[in-house]
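# Predicted model and sequence below, questions to follow.
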Amino acid sequence: MSWSALLSINNSISPALHRSLTLKPRILSIAPVACLNVDVRAPDSSQNPLLHEKRSSEVIADDKEFIVGTYARSPVVLASGKGCKLYDVEGREYLDLTSGIAVNALGHGDPDWVRAVTEQSEVLAHVSNIYYTVPQVELAKRLVVSSFADRVFFCNSGTEANEAAIKFSRKFQRFSHPDLKDPPVEFIAFTNCFHGRTMGALALTSKEQYRSPFEPVMSGVTFLEYGNTQAAVELIRSGKVAAVFVEPIQGEGGIYGATKEFLQSLRTACDNAGCLLVFDEVQCGLGRTGYLWAHEAFGVYPDIMTLAKPLAGGLPIGAVLVTERVASAINFGDHGSTFAGNPLVCSAGIAVLDKISNPSFLASVSDKGQYFKDLLVEKLGGNSHVKEIRGFGLIIGIELDAAASPLVDACQKSGLLVLTAGKGNVVRIVPPLIISKQELDQAAEILINCFPVLDQGTKN
Ligand SMILES: Cc1ncc(COP(=O)(O)O)c(C=O)c1O
């Protein structure tokens, strides 16, 4: 029976079911990927005329109708990408200095990443953590060899990595104080920090507007000023704190870097009190600062490090790297995930880590980061809207005296994608780490040409 016949005989169905039934023929006409054991390859999206016929405005209208409204999206519908370039459904080109929010470190369509994902997907994508797989163990080995850590726990995102770190910290304290009725269970986090959106990680995230609609979140978190060594040391000394969560370089918060003295004091105070030091390197880790791990620049090492964004080059992954001391407190069943560390994401992760951990790759990130920062300082340093240009490798912030969004929008209209950060007053630049100096020149030129848009706001 056809869908229209079915609809005509049943006029008592709900509006939602009616809508889903009337949509079915449209969806089916787009997508038969495999049927009757015949291998029908889904077309490359850049070649798919159906996708290109769907103009941006239609996609945006459908998004507004069918997607829960959690995102204030930029009005761009992206269809394909190569290197640092992205293309929208109308074929317009953009220079991407966002990397999918610090994710696509190797750019779009890196051949080694594509090969790893394609070959692994042809063999085995997922089996759950009930069984062992080679790529998971191989990625863990590489992470251990290249870091302070002894063991790795895999998960699927940054917030999940921090959620696991919260649980591991509390379990570690229980394990370390078997005779205490009330072992340390509290946490310290810092102003401008961002650790994620799930209930534990959210409780550690400083922006009140993210937390308040969902209260009560996990209790026992104290926010201290980022860099206030004395306040942190005093609270750690109280003996109530299970762990201190800190980003060596804050990303969402506005590209602020810790000092060596601050991190070293946290390390010493934690050691003296039996408290754990957790570095959240979800955004700043894995080569972005020109160091493989951002904390290496400070010579201070954590007990736990959380990773996510760039690790699988665009596939969802999170990882919690821990010392043996922490790992020894964790038992079977304490934590887990169905998808985490599956062979597909871990093969992607191996391709990414192998490339980024090459010393010459890391040196090129430092070199390009310095080049771009110098260029921005030279061209924009005297602009009355620019308060500060700061950065570490290829994570760079331009702090303005005004909201950054008009500038970000103007850049997008001129073919350059950048992000905001902080209180909305910082332009955040986190390009693919493979970006060329020529592309950085091009980006600087567009950015500079768009700056006058900030004067329009002040004139009105
Ligand atoms: C430092 C930091 N931690 C945690 C997260 C949360 O990561 P995810 O969005 O993958 O959950 C983010 C995301 O921006 C982040 O920047």
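Perfect, I can see it now. These figures come from a predicted structure and were not determined experimentally.
# Where do the domain boundaries of this protein fall?
48-109+359-460, 124-357 (automatic domain parsing).
# need the contact list for the residue of the stretch 51-200 of the chain found nearest the ligand.
Nearest residue of the stretch 51-200 of the chain to the ligand, counting by C-beta to the nearest ligand atom: Gly158, 2.2 Å away. C-betas here are computed from N, CA, C, even on glycine. Shown in contact with Gly158 (C-beta atoms under 8 Å, 6 or more residues apart in numbering): His195, Gly196, Ala201, Asp280, Val282, Gln283, Thr306, Ala308, Lys309, Gly318.
# 6 Å instead, please
Gly196, Val282, Ala308, Gly318 (C-beta atoms under 6 Å, 6 or more residues apart in numbering).
# picking that back up, any chance of the domains of the chain in a markdown table with mean pLDDT as columns?
Converted to a markdown table, the domains of the chain look like this (pLDDT from 0 to 100):
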| stretch | mean pLDDT |
| --- | --- |
| domain 48-109+359-460 | 94 |
| domain 124-357 | 98 |
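# Tell me the buried residues in stretch 413-426?
For stretch 413-426, a neighbour-count test (16 or more other C-beta atoms under 10 Å) marks Leu416, Leu417, Val418, Leu419, Thr420, Ala421, Gly422, Asn425, Val426 as buried.
# wait, isn't Phe153 in contact with Leu321?
No - Phe153 is beyond contact range of Leu321, at 8.3 Å (criterion: C-beta atoms under 6 Å).
# hmm, back to that, among the domains of the chain, which comes closest to Ala116?
Closest to Ala116 of the domains of the chain, according to C-beta to C-beta: domain 124-357, at 3.9 Å.
# and the chain, which of its residues are near the ligand?
Residues of the chain lying close to the ligand by C-beta under 6 Å from any ligand atom are 157-159, 162, 194-196, 247, 251-252, 280, 282-283, 308.
# Just the buried subset of those residues, written out for ChimeraX, thanks.
The ChimeraX selection below is limited to those of those classed as buried (16+ other C-beta under 10 Å):
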select :157,158,159,162,194,195,196,247,251,252,280,282,283,308
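# Tabulate the residues of the chain next to the ligand in JSON lines, adding columns for secondary structure.
Shown next, in JSON lines, are the residues of the chain next to the ligand (DSSP: H, G, I helix; E, B strand; the rest coil):
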{"residue": "Ser157", "secondary structure": "coil"}
{"residue": "Gly158", "secondary structure": "helix"}
{"residue": "Thr159", "secondary structure": "helix"}
{"residue": "Asn162", "secondary structure": "helix"}
{"residue": "Phe194", "secondary structure": "coil"}
{"residue": "His195", "secondary structure": "coil"}
{"residue": "Gly196", "secondary structure": "coil"}
{"residue": "Glu247", "secondary structure": "coil"}
{"residue": "Gly251", "secondary structure": "coil"}
{"residue": "Glu252", "secondary structure": "coil"}
{"residue": "Asp280", "secondary structure": "strand"}
{"residue": "Val282", "secondary structure": "coil"}
{"residue": "Gln283", "secondary structure": "coil"}
{"residue": "Ala308", "secondary structure": "coil"}
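# tell me the most buried of the domains of the chain?
The highest mean neighbour count among those, using mean count of other C-beta atoms under 10 Å, belongs to domain 124-357: a mean of 20.
# quick one: terminal-to-terminal distance for it?
Length of domain 124-357, first residue to last, C-alpha to C-alpha, to the nearest Å: 26 Å.
# ok, now stretch 317-331?
22 Å.
# Residues contacting it, please?
The contact list for stretch 317-331 (C-beta under 6 Å, 6+ apart) reads 143, 147, 149-158, 160-161, 164-165, 168, 171-172, 175, 303-308, 311, 345, 349.
# Mind checking which of the residues you listed are in helices?
Members of the contacts of stretch 317-331 lying in helices (criterion: DSSP state H): Leu143, Gly158, Glu160, Ala161, Ala164, Ala165, Phe168, Lys171, Phe172, Phe175, Val345, Gly349.
# so what's Val123 up against?
Per C-beta under 6 Å, 6+ apart, neighbours of Val123: none.
# can I get the buried residues of stretch 413-426 in JSON lines with secondary structure?
Formatted as JSON lines, those follow (three-state DSSP):
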{"residue": "Leu416", "secondary structure": "strand"}
{"residue": "Leu417", "secondary structure": "strand"}
{"residue": "Val418", "secondary structure": "coil"}
{"residue": "Leu419", "secondary structure": "strand"}
{"residue": "Thr420", "secondary structure": "strand"}
{"residue": "Ala421", "secondary structure": "strand"}
{"residue": "Gly422", "secondary structure": "coil"}
{"residue": "Asn425", "secondary structure": "coil"}
{"residue": "Val426", "secondary structure": "strand"}
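# about what we covered before: and the furthest pair within the residues of the chain next to the ligand?
Ser157 and Glu247 (16.0 Å).
# Strands of the stretch 101-250 of the chain, start to end?
Here the stretch 101-250 of the chain has its strands, by DSSP state E, counting those that start in this stretch, at 151-155, 186-190, 221-224, 241-246, 249-250.
# Which secondary structure elements does the first one sit against?
Meaning strand 151-155. helix 158-176, strand 318-322 (3 or more C-beta pairs under 6 Å, 6 or more residues apart in numbering; DSSP states H and E).
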